[in-house]
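>>> The following comprises the amino acid sequence and a computationally predicted model.
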Amino acid sequence: MPEKNSNEWTKYEETIEQFIQVIAKNMSLYGVTPSIGRLYGVLYFSEEPMTLDDMRSALEMSKTSMSTGVRALSEMKMVEPSFKKGVRKDLYKSEEDWYKSFTSLFGSRWRHHTETNIEEADETIHELLKLKDQAEDEELMEKIEHDISRLEYAQNYYRWLMRFIHVVESGEIFKYVPKIDQNEKNS
């Protein structure tokens, strides 16, 4: 069995670390800090589920930070609890189905923001209609009508976006954009 501190192992560990750094940097797309991205990367490449102590040791971060990171990743369905007979501490492993993680994360984040935008557009239209009813200035009433038309356009966009979110969350998206099979190469 080769010694694990050989140049080959060192090069391997550096290569994996480079990819983990890329994951960490790009996790900002999902509203995740680089430290939580690094945590996900470490869990993803770990052969075994890890305890908070294992993660703390691997990343040289506080146990509190690890706990916060695991909670955030769990909420995004990117990390899940694991069980190993004889281990009393909580164990965690990464969700290895990135398609599942993406659809869950995309859906929850976009749904929340889109619903908020729909509610705000509804409230704004309601307020503008009240203003229009009380207005005497013809130019202001025309401006309000124009702005209500813009808000109705926005509402239609948000309704379309909600349909798109449903297509992603339901997995129907994979009918249109199929998952790439592990055996497919750069198609």
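Yep, it's here.
>>> Give me the contacts around stretch 98-109.
Outside stretch 98-109, the residues that touch it by CB atoms under 8 Å, 6 or more residues apart in numbering are 30-31, 76-78, 95, 165, 168-169, 171, 173-174, 179. Where you see a C-beta, it was placed from the backbone N, CA and C, and this is true even at glycine.
>>> filter those residues to the buried ones?
Buried by 16 or more other CB atoms under 10 Å: 30, 76, 77, 78, 95, 165, 168, 169, 173, out of the contacts of stretch 98-109.
>>> quick one: buried residues of the lengthiest helix in the chain?
In the chain, with assignment by DSSP state H, the single longest helix is helix 98-134. Across helix 98-134, burial judged by 16+ other CB under 10 Å covers 101-107, 110-111, 114, 118, 121, 125, 128, 132.
>>> care to break this protein down by domain?
Listed by automatic domain parsing, the domain ranges of the chain are 7-95, 99-176.
>>> circling back to that earlier point, which pair of the buried ones among the contacts of stretch 98-109 spans the longest distance?
Farthest apart among these by CB to CB are 95 and 165. That separation is 19.9 Å.
>>> returning to that earlier point: tell me the most buried of the domains of the chain?
domain 7-95 (a mean of 16; mean count of other CB atoms under 10 Å).
>>> what's the offset of it from the middle of its chain?
Distance, stretch centre to chain centre, for domain 7-95: 15 Å (CA atoms, centre = their mean, to the nearest Å).
>>> before we move on, the earlier item: now tell me which of the buried ones among the contacts of stretch 98-109 the prediction trusts least.
Ranked by pLDDT, the buried ones among the contacts of stretch 98-109 bottom out at residue 30 (76).
>>> Which residue is the nearest non-sequential neighbour of that residue?
Once flanking residues are discounted, residue 30 sits nearest to residue 105: 5.6 Å by CB to CB, 6 or more residues apart in numbering.
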